[in-house]
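Novice: next one to model:
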Amino acid sequence: MNHNSQHILTLEPLTLAQIGEIINSNQQIALDEECRNRVKVNRDYLEAKISQDNMTIYGINTGFGSLCDTIIPQKGLEDLQRNLVLSHSCGTGPAIPLHIAKIVLLLKIKNLSLGCSGVRVSLLERLIKMYNADMIPELFEMGSLGASGDLAPLAHLAATMLGEGYVYHSGERISAQEGLDRLCESQFVLGPKEGLALLNGTQFSTAYALHGVLEANRLLSLANHTAAMSMDAFMCSLDPLDANIHRVRNQTGQINVAEQIRGLLEDTQLAGQGKYSVQDPYSFRCVPQVHGASYDAIAYASNIVEREVNAVTDNPNIFDKEDKILSGGNFHAQPIALALDFLAIALSELGSISERRTYVFLGANRELPPFLIDDAGLNSGMMILQYTAASIASQNKQLCTPASVDSIISCNGQEDHVSMAANAGTKCYRVVQNLKSLISIELILAAQAKDFREGKLSGSVIQSMHESFRLKVPFMKTDMYCKDLIVSAESYVDQWHA
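Specialist: Residues are numbered from 1 along each chain as shown. Now for the predicted structure:
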């Protein structure tokens with residue numbers, strides 16, 4: 001990782017590639033001068049409006065939610081913001097993975113830096129200092145309804161600025177107050193609107209969605225490579241990959257997947273060489289159609305997520321140039337909820353068809369031994385690896401029950417339709433992890449099957465992939481402790497890049 005590089009945040013949108021680079025290279029961040037000035041001008045406008053007599057602005061000098069008609073006197077405006085953060089810090093369940101929590105912090109900084117949220121530059125500077133020091137708030141899985149923003153998780157983020165809760169500093173869990181001491185900072189005093197700006201927003205849900213699409217794009221390519229190795233080892237026909245078939249259907253993902261796999265199987269001595277059947281099983285023959293459909297779904301989700309990363313999603317929005325302060329609903333995470341549910345389904349299907357290829361390998365087909373092991377009977381070989389894959393694929397199906405079709409009325413009826421995007425996010429995260437395990441198991445079997453094709457080489461890319469996989473995962477000669485194979489294969493999958 002490049003720990004010394006820096007990304008300068010501007011008012012321009014971040015691409016998924018850029019934000020992936022910030023995360024993967026552990027880059028530090030800073031605001032450019034135009035961005036800093038935009039935030040200052042926006043805040044100055046808001047403060048001028050607050051100072052006017054008889055000016056009522058939601059969440060700035062009123063209560064929150066169904067308490068929106070309760071007017072708060074000037075002397076109580078700072079307490080209002082602090083009380084909001086403390087009362088909303090109601091998260092429960094497991095603490096979320098640190099790399100997701102760090103993305104939440106990054107996205108909140110990007111959101112507030114766009115200059116429509118009415119916060120001070122000093123608030124952004126504090127968040128940036130935390131991010132660059134690897135001071136990551138402890139956030140929890142449960143508590144957000146995905147409307148009015150991801151309130152409970154983002155309250156825990158904000159609370160750490162006040163010295164409440166816990167943070168992780170370079171992986172060590174410490175009190176938020178100790179974190180402030182390490183940063184040589186005092187507890188942050190929130191000004192009008194600032195607590196609300198921190199809590200409103202979709203950054204918790206969007207962090208899960210961002211992680212999901214970044215991993216999905218990588219895992220789709222790996223799933224294509226893995227399927228190609230399986231097709232090779234099973235000595236499939238190459239006819240189903242012919243460009244003419246895919247041209248007449250004209251589905252973008254299908255065309256692209258078929259093209260990639262044709263390239264991976266070019267010059268192989270295995271696939272296309274034997275005629276074991278007029279037609280291969282669907283799990284091999286229909287890879288372009290199934291993987292291609294997931295390709296298109298991932299592209300859709302990626303587009304939605306990239307928009308949301310660069311969106312203003314708190315409320316109210318401050319438009320100084322237009323002289324307007326508008327209460328709306330940009331905190332409603334329905335776009336992210338739907339995208340997360342769709343993404344989970346697309347990734348689950350990549351795992352489902354992978355498990356089917358795993359199953360086919362074990363049936364003593366096409367001159368491969370039963371359960372891909374010599375002396376089957378004495379040895380059970382890879383029999384139970386398929387059981388494990390089946391249990392994971394089944395759990396993914398259960399996790400794909402959509403969260404976005406659910407809604408529970410909250411806040412005394414004021415918030416009467418919510419997105420449940422946060423639940424969609426945590427479910428999708430589990431599907432991503434499960435898909436890694438399913439691909440790992442297929443790789444174990446595909447590599448084992450390929451080793452039974454002695455003397456016949458794959459095309460250069462698949463041959464190289466097989467050799468690099470074998471550096472981590474050995475050929476199974478006789479029954480062995482299979483958990484070690486899975487752990488090593490999952491490590492390979494985690495580190496794999498095209």
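Novice: all helices for the stretch 351-498 of the chain, in order.
Specialist: Per DSSP state H, counting those that start in this stretch, the stretch 351-498 of the chain carries helices over the ranges 383-399, 421-451, 460-470, 482-495.
Novice: cool, and the stretch 151-300 of the chain?
Specialist: Using DSSP H, counting those that start in this stretch, the helices of the stretch 151-300 of the chain run over 151-161, 176-183, 194-199, 203-233, 243-247, 252-264, 282-285, 287-309.
Novice: just the buried residues of stretch 371-385, please?
Specialist: Buried residues in stretch 371-385, counted by 16 or more other C-beta atoms under 10 Å: 371-373, 379, 381-383, 385. (Each C-beta comes from the backbone N, C-alpha and C, glycine too.)
Novice: which other residues reach it?
Specialist: With contact meaning C-beta atoms under 8 Å, 6 or more residues apart in numbering, stretch 371-385 is reached by 358, 361-362, 369-370, 441, 444-445, 448-449, 452, 476-479, 482, 485-486.
Novice: thinking again about what came up before, same list (the helices of the stretch 151-300 of the chain) but as TSV, adding mean pLDDT.
Specialist: Converted to TSV, the helices of the stretch 151-300 of the chain look like this (pLDDT from 0 to 100):
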stretch	mean pLDDT
helix 151-161	97
helix 176-183	98
helix 194-199	94
helix 203-233	98
helix 243-247	98
helix 252-264	98
helix 282-285	97
helix 287-309	98
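Novice: closest to residue 41 out of these?
Specialist: helix 194-199 (15.8 Å; C-beta to C-beta).
Novice: residue 44: neighbour count?
Specialist: Neighbourhood size, residue 44 [other C-beta atoms under 10 Å]: 13.
Novice: which residue is the nearest non-sequential neighbour of it?
Specialist: Using C-beta to C-beta, 6 or more residues apart in numbering and skipping the chain neighbours, the partner closest in space to residue 44 is residue 320 (7.8 Å).
Novice: if we can go back for a sec, now the contacts of stretch 371-385: which count as buried?
Specialist: Buried residues within the contacts of stretch 371-385, counting neighbours by 16+ other C-beta under 10 Å: 358, 361-362, 369-370, 441, 444-445, 448-449, 476, 482, 485-486.
Novice: list just the nearest of the residues you listed to residue 391.
Specialist: Among those, and counting by C-beta to C-beta, the member closest to residue 391 is residue 441, at 10.9 Å.
Novice: thinking again about what came up before, could you identify the most distant pair in the buried residues of stretch 371-385?
Specialist: Farthest pair in these, by C-beta to C-beta: 379 and 385, 13.0 Å.
Novice: show me which helix or strand of this protein is least confident by mean pLDDT.
Specialist: One helix or strand of the chain scores below all others by mean pLDDT, DSSP states H and E: helix 77-88, with a mean of 89.
Novice: residue 35 touches residue 109, doesn't it?
Specialist: No - using C-beta atoms under 8 Å, residue 35 makes no contact with residue 109, being 10.5 Å away.
Novice: what is in contact with the two at once?
Specialist: With C-beta under 8 Å, 6+ apart as the test, residue 35 and residue 109 both reach residue 9.
Novice: stretch 468-477: end-to-end distance?
Specialist: End-to-end span of stretch 468-477 (C-alpha to C-alpha, to the nearest Å): 19 Å.
Novice: show me which residues of it are buried.
Specialist: Neighbour-count burial for stretch 468-477 flags 469, 473, 476 (criterion: 16+ other C-beta under 10 Å).
Novice: wait, the first one touches residue 442, no?
Specialist: No - counting by C-beta under 8 Å, residue 442 is not a contact partner of residue 469; they are 11.4 Å apart.
Novice: what's in contact with stretch 327-338?
Specialist: Stretch 327-338 has contacts (C-beta under 8 Å, 6+ apart) with 58, 146-150, 200-202, 205-206, 209, 304-305, 307-308, 311-317, 403-404, 417-422, 424-425.
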